[in-house]
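[1] Generate a structure from the sequence data that follows.
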Amino acid sequence: VQIVESGGGLVQPGGSLRLSCAISGLRFSDYAMSWYRQAPGKEREAVASITRAGGRTEYIDSVKGRFTISRDNAKDTMYLQMNNLKPADTAEYFCSHADQGFANRRGYWGQGTQVTVSS
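    Now for the predicted structure:
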């Protein structure tokens with residue numbers, strides 16, 4: 001399984017970024033997926049999840065109304081549109097299976113993409 005996240009960068013507070021996640025080596029459409037982030041000194045946390053067909057999404061409270069998760073099963077790709085970014089959003093962002101324990105056991109992690117929000 002290969003997971004490649006991209007789209008991160010340095011952005012000012014209030015700015016936007018769109019992250020992409022390309023996955024190969026598994027039946028992408030069979031799995032609910034999540035975006036995770038890990039800030040320095042903190043544990044990795046799931047910030048947004050999406051069901052297999054994309055019909056339902058969930059977000060942690062701190063990103064609701066600002067982040068939008070989506071997926072294109074025809075392209076085995078997932079996205080995270082991030083608007084009105086805040087310094088607290090600074091972290092390495094990862095995508096993987098929605099069950100973090102499953103992802104850990106299988107090693108379903110990419111290299112991540114760094115998002116830095118700073119003026």
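
[2] what's the helix or strand for the spatially closest residue to Y59 that is not a sequence neighbour?
    Computed as CB to CB, 6 or more residues apart in numbering, the closest residue to Y59 that is not its neighbour in sequence is A48, at 5.0 Å. Yep, even glycine has a C-beta here, placed from its N, CA and C like the rest. Assessed by DSSP states H and E, A48 sits inside strand 45-50.

[3] try N104
    Using DSSP H and E, the element containing N104 is helix 100-106.

[4] what does that helix contact?
    Applying CB atoms under 8 Å, 6 or more residues apart in numbering, the external contacts of helix 100-106 come out as 1, 34, 36, 44, 46, 96-97, 108-109.

[5] what about that helix, average pLDDT?
    The pLDDT scores in helix 100-106 average 91.

[6] buried ones in that helix?
    100, 103 (16 or more other CB atoms under 10 Å).
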